[in-house]
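Q: A predicted structure for the sequence below; I have some questions about it.
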Amino acid sequence: MPTPSSIIVVSGVGSGCTELSAFDAALRSVGIPDFNLIRLSSIIPPGSRITAQRAVPLRLNAEVGDRLYVVLSSLTERRIGHAAWAGLGWVQSEDGRGLFVEQTGPSEDEVRQLIRDGLLEMADARGYPVDGLEFRTQGVSCEEQPVCALVAAVYASEPW
């Protein structure tokens, strides 16, 4: 299970007969479908270590219905021939504190540029270094039924 000092970034896609079921399928693809998601703002606490995990789904030591703290970027698309892209970018100072920026859009290039612009401005305002920008993006094209692209930074879970 991730702890506040270990943040895991995952990404995935899903499709379904509705936009909500496409979102649920994307959550299932990364291993976080059965939690009450608590969306966080974009602040990374001091001492944090971020791991961008390639192998999904996550295997969390948590129970169905537990709270799961996440920074979440997701976009659904139902128009055939259109794409959904989601992304997270982050920057950290030497002590581990930092920022996430989440963006969505119709192309990877647009999402990456929005993340970069936001991170540069927000990091500059806080005096954080900007030489180590990190990105994770995920995209999917709508071919038949609604789709969802999702990137999540998973902080921690806790029971009610």
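A: The structure has been received and is ready for your questions.

Q: now stretch 141-159: buried residues?
A: Of all the residues in stretch 141-159, those buried under the rule 16 or more other CB atoms under 10 Å are 142, 146-157. Where you see a C-beta, it was placed from the backbone N, CA and C, and this is true even at glycine.

Q: in strands, which of those residues fall?
A: Using DSSP state E, the members of the buried residues of stretch 141-159 that fall within strands are 147-157.

Q: from those, which two are the most distant?
A: Considering CB to CB, no two members of these lie farther apart than 147 and 156, which are separated by 28.7 Å.

Q: re earlier: quick check, nearest of the ones in strands among the buried residues of stretch 141-159 to residue 98?
A: The nearest member of those to residue 98, counting by CB to CB, is residue 153 at 10.9 Å.

Q: ok, that closest one to residue 102 distance?
A: In this structure, residue 153 and residue 102 are separated by 8 Å, where distance is defined by CB to CB, to the nearest Å.

Q: which neighbours do these two have in common?
A: Overlap between the neighbourhoods of residue 153 and residue 102 consists of 71-72, 88, taking contacts as CB atoms under 8 Å, 6 or more residues apart in numbering.
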